[in-house]
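Trainee: What follows is a predicted structure for the sequence shown.
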Amino acid sequence: MVKPVTLSDLAIQFRDSMPAGYLNAFSESDIEEHAQIARDRGNQTARVVVWRNLTQGMAILCVVTEDRPGLVALVSSAFLAHALDVRAAQIYCRSLADDRVEAVDFFWLRNVAGGSPEPSRLEACARTIQELVDTVGAGPELQALQPARPDGQARISYSPDLGMTDHWEVTLEARDFPGLLHTVARLLHQHGLEVVRCEIRTEEGIARDRFFVACFTGAPAEPALQLFRSSLLNVIDAVGKSAG
């Protein structure tokens, strides 16, 4: 017989701030642990921890941070950068006393190649998420990103493709890491850009890639390319910091 859990005042306050769907998904002992994680965020922009290691070859990562547009895309970029596959996710928001909204998100992860993620990979991913959230800061829009180190570790440029109307050539030179290509493709798509063709080359750990893209939303491509460049530079910068 399972002994009933008596929730602490902290856990009760946390539970009451969460939506109904959360209460149906987690036990009282889980709620107690989640309340501690949220409390431990304190004044940090984000708290990112491995909450569970599962016998099914997966781990559950918990991300607690102030909610903002584009947050899931931001976190997903870190997963792609570290070759982690999201098998399931539970995404929640709760209101804080000062009218801010806090995201409490859970991601069931495994390696893209299969198998349980190594602790070092999960720790590096958590650092990347922290770096990305710190880069975005308190700004309300993901689109407001500005590169922390514009050309220190990567070079990304774009220019009209003279051979095709309304197409653009994007060139990338950066230190390669697992999931870089997936990250580029995902961010291009998120910014309304479709890859028509590409040339991928990696030499001595340096990726030198060319992507020929068009905007599939009908909007002007250049503003989307500016935002894509800024977002990708931030991901690369965050991965470099977390690896360091």
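Mentor: Cool, the structure landed. In this text the structure is predicted, and so the values were computed from the model without any measurement.
Trainee: what's the longest helix in the protein?
Mentor: Scanning the chain for the longest helix, with DSSP state H as the assignment, gives helix 221-243.
Trainee: quick one: the strands in this structure?
Mentor: Assigned by DSSP state E, the chain shows strands spanning 46-54, 58-66, 84-95, 101-111, 154-160, 168-175, 193-199, 202-203, 206-215.
Trainee: counting contacts, what elements does the first one pack onto?
Mentor: Contacts defined by 3 or more CB pairs under 8 Å, 6 or more residues apart in numbering; DSSP states H and E place strand 46-54 against helix 28-41, strand 58-66, helix 119-136. The way it works is simple: take the backbone N, C-alpha and C, and place the C-beta from them, glycine included.
Trainee: List the contacts of the second one.
Mentor: The reference is to strand 58-66. 34, 37-38, 41, 45-54, 71, 75, 87, 100-110, 116-117, 122, 125-126, 129, 133, 138 (CB atoms under 8 Å, 6 or more residues apart in numbering).
Trainee: Might you report the residue contacts of the residue nearest to the spatial centre of the chain?
Mentor: Computing the C-alpha centroid of the chain and ranking residues by CA atoms, centre = their mean puts V75 first, at 1.4 Å. Contact analysis of V75 by CB under 8 Å, 6+ apart lists 63, 105, 107, 129, 132.
Trainee: pLDDT score assigned to it?
Mentor: pLDDT for V75: 87.
Trainee: Just the buried ones from the contacts of strand 58-66?
Mentor: Buried members of the contacts of strand 58-66, scored by 16 or more other CB atoms under 10 Å, are 34, 37-38, 41, 45-50, 71, 75, 102-110, 116-117, 122, 125-126, 129, 133.
Trainee: what about the chain, any weak spots by pLDDT?
Mentor: 1-5, 136-153, 243-244 (pLDDT under 70).
Trainee: what about 80?
Mentor: 1-5, 69-70, 73, 135-153, 178-179, 181-182, 241-244 (pLDDT under 80).
Trainee: Break it into its domains for me.
Mentor: 9-144, 154-243 (automatic domain parsing).
Trainee: so W51 makes contact with F106?
Mentor: Yes: with contact defined as CB atoms under 8 Å, W51 and F106 form a contacting pair (6.9 Å).
Trainee: Just name the most buried of the strands of the chain.
Mentor: Sort the strands of the chain by mean neighbour count, taking mean count of other CB atoms under 10 Å, and strand 58-66 sits at the top with a mean of 22.
Trainee: Which neighbours in the sheet does that one have, and how are they oriented?
Mentor: Applying DSSP bridges, strand 58-66 is found paired with strand 46-54 (antiparallel), strand 101-111 (antiparallel).
Trainee: out of those, which comes closest to F26?
Mentor: When the strands paired with strand 58-66 are compared by CB to CB, strand 101-111 sits nearest F26, at 8.8 Å.
Trainee: Report the spatially closest residue to A224, excluding sequence-adjacent ones.
Mentor: H191 (4.5 Å; CB to CB, 6 or more residues apart in numbering).
Trainee: Report the beta-bridge partners for R197.
Mentor: Under the criterion used (DSSP bridges), R197 bridges to F212.
Trainee: i'd like the first residue to be 64 from this point on
Mentor: Yep, numbering from 64; the last one is R260 now.
Trainee: what does stretch 267-279 contact?
Mentor: 224, 227, 229-239, 243-244, 247, 251, 255-265, 284, 287-288.
Trainee: if you set the cut-off to 6 Å instead, what comes out?
Mentor: For stretch 267-279, the external contacting residues (CB atoms under 6 Å, 6 or more residues apart in numbering) are 224, 229-237, 239, 243, 255-264, 284, 287.
Trainee: and the gap between the residue nearest to the centre of the chain and D168?
Mentor: 7 Å (CB to CB, to the nearest Å).
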